[in-house]
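Visitor: structure for this input, please:
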Amino acid sequence: MAATTKIKAPKLEVSIVDMVKIAEKEKQLMEDDALAGRTQNKSGSNTSPYKSESYKKYKRNHMNRFTDRTGKKGNKIAAYEGQDVRYSQTGFKDYHLTGKLYVGLGYQNPKINEVTLSFLPKDKGKILGARAAKDELVGLNNKNVNIIKDMIVKKYNKELTKWAKDDLILTVG
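Guide: The predicted structure is shown next:
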């Protein structure tokens, strides 16, 4: 006589809805790090210092000229006319000035067990400029990877818990 145990293997999948939540969490983590002056390098190192003191002065001044030709308060420099400059701190690089870089960070076509975040194509120059300064804005640093892994493990554990409650079919004979 032989005994046979049949177990239906659990489907370990993270749904599209949950992948969207994970993508939103990734975006939040990346932006929070940038606002705190941390990169997405594996170590999550601090951003490099500003190279230009004049850029820092203009950023503190919300990209306004200091005076116009008549000596009155200056208006925005040409590249920022009509744009809201919301971030003016200069203690460290935060890659926020207008806030548009991270507004453009998003996901498209999430799938089961898969989602990809990307910046807008028009922001390629900003990303490559940051990379040239040794500041990585793309991907996740180790701290953020662990946070996302924990989220996925919780989803898998939930599925395993449901699966473990199912009856086992035992056939003897």
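Visitor: residue 149 sits in which helix or strand?
Guide: Secondary structure from DSSP states H and E places residue 149 in helix 142-165.
Visitor: how many neighbours does residue 131 have?
Guide: 13 (other Cβ atoms under 10 Å). The C-beta positions use only the backbone N, C-alpha and C, and glycine is treated the same way.
Visitor: try the one 3 residues further on
Guide: A count of neighbours around residue 134, defined by other Cβ under 10 Å, yields 11.
Visitor: ok, it - contacts?
Guide: Counting by Cβ atoms under 8 Å, 6 or more residues apart in numbering, residue 134 touches 41, 48.
Visitor: please apply the same query to residue 104.
Guide: Listed by Cβ under 8 Å, 6+ apart, the contact set of residue 104 reads 119, 120, 122, 123.
Visitor: which non-adjacent residue is nearest residue 37?
Guide: Leaving out its chain neighbours, the residue that sits closest to residue 37 by Cβ to Cβ, 6 or more residues apart in numbering is residue 92, at 3.5 Å.
Visitor: now for the one you found: which residues touch it?
Guide: So residue 92 contacts 37, 46, 47, 49 (Cβ under 8 Å, 6+ apart).
Visitor: pLDDT score for it?
Guide: The per-residue pLDDT reported for residue 92 equals 92.
Visitor: touching, residue 90 and residue 62? I think so.
Guide: No - under the criterion of Cβ atoms under 8 Å, residue 90 is not in contact with residue 62, lying 11.5 Å apart.
Visitor: wait, isn't residue 40 in contact with residue 140?
Guide: Yes - proximity of residue 40 to residue 140 meets the contact threshold set by Cβ under 8 Å, at 5.8 Å.
Visitor: neighbour count: those two, which is higher?
Guide: residue 40 (23 against 20).
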